[in-house]
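Student: Fold the following and give me the result.
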Amino acid sequence: MNEGDERIDLLHRRLKEEASAGGYCLNPDAGFARELVKGLLTNEGRFGYQACPCRLAAGRKEDDLDIICPCDYRDADLGAFGACYCGLYVSPRALSSGKKPASIPERRRAEKERYAKKGPKVRTHAYWVRPPRLAYRPIIRSTVI
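Tutor: Next up, the predicted model:
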């Protein structure tokens, strides 16, 4: 067993323990689950964080906080569909039913919508000026970047 397989096994075990502690299960298809874990480790090496392997990551952690595994959409997907978007996590109800989960729609908003709320970046800085015979007062300047 090489180092890569050991890292996959270690993360798989850790995720399985965390899932059971949270009332969830990992996908019972071990080969499929291991491939997803491998994708998490690949993204960790690429970006520095474990972005969902089934979504496109921007490569900036602040833009991808919602898709760092377990993603923000996991609980809603498990409740509605019995599995998360990528299929790594499965609800106990879905496992006991024996049915395969249906296709799960993407809950993450499109990139344009995510960035539209933020607006332009503004750099604000303050400096102090002292008009003649008056106390110091702050002057705040904002510049659109």
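
Student: How about S97: what's its closest non-neighbour residue?
Tutor: G82 (7.5 Å; C-beta to C-beta, 6 or more residues apart in numbering). Every C-beta, even on glycine, is put in place using the N, C-alpha and C of the backbone.

Student: Contact partners for that neighbour?
Tutor: 90-91, 93-94, 97, 99, 101 (C-beta atoms under 8 Å, 6 or more residues apart in numbering).

Student: do the same with L41
Tutor: 4, 7-8, 11, 50 are the contacts of L41 under C-beta under 8 Å, 6+ apart.

Student: quick one: the helices in the chain?
Tutor: 3-21, 30-47, 61-64, 74-81, 92-97, 111-116 (DSSP state H).

Student: can you tell me which of those the model trusts least?
Tutor: Among those, helix 111-116 carries the lowest mean pLDDT, at a mean of 69.

Student: count of neighbours near K61?
Tutor: 13 (other C-beta atoms under 10 Å).

Student: Please tell me how far it sits from Q50.
Tutor: 11 Å (C-beta to C-beta, to the nearest Å).

Student: and if you look at P101?
Tutor: Distance from P101 to Q50, by C-beta to C-beta: 22 Å.

Student: Of the two, which one has the most company?
Tutor: Taking neighbours as other C-beta under 10 Å, P101 and Q50 compare with Q50 leading, 21 against 17.

Student: Looks like that one contacts L40 (just checking).
Tutor: Yes - applying C-beta atoms under 8 Å as the test, Q50 and L40 come out as touching, 4.4 Å apart.

Student: got any residues that touch both of those two?
Tutor: Joint contacts of Q50 and L40 (C-beta under 8 Å, 6+ apart) are C69.

Student: can you pull the contacts of C86?
Tutor: Here C86 is in contact with 36, 52-55 (C-beta under 8 Å, 6+ apart).

Student: Throw the helices of the chain into JSON lines and include distance to P105, thanks.
Tutor: What follows is the helices of the chain, written out as JSON lines (distance: least, C-beta to C-beta, whole Å):
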{"stretch": "helix 3-21", "distance to P105": "22"}
{"stretch": "helix 30-47", "distance to P105": "19"}
{"stretch": "helix 61-64", "distance to P105": "20"}
{"stretch": "helix 74-81", "distance to P105": "9"}
{"stretch": "helix 92-97", "distance to P105": "16"}
{"stretch": "helix 111-116", "distance to P105": "15"}
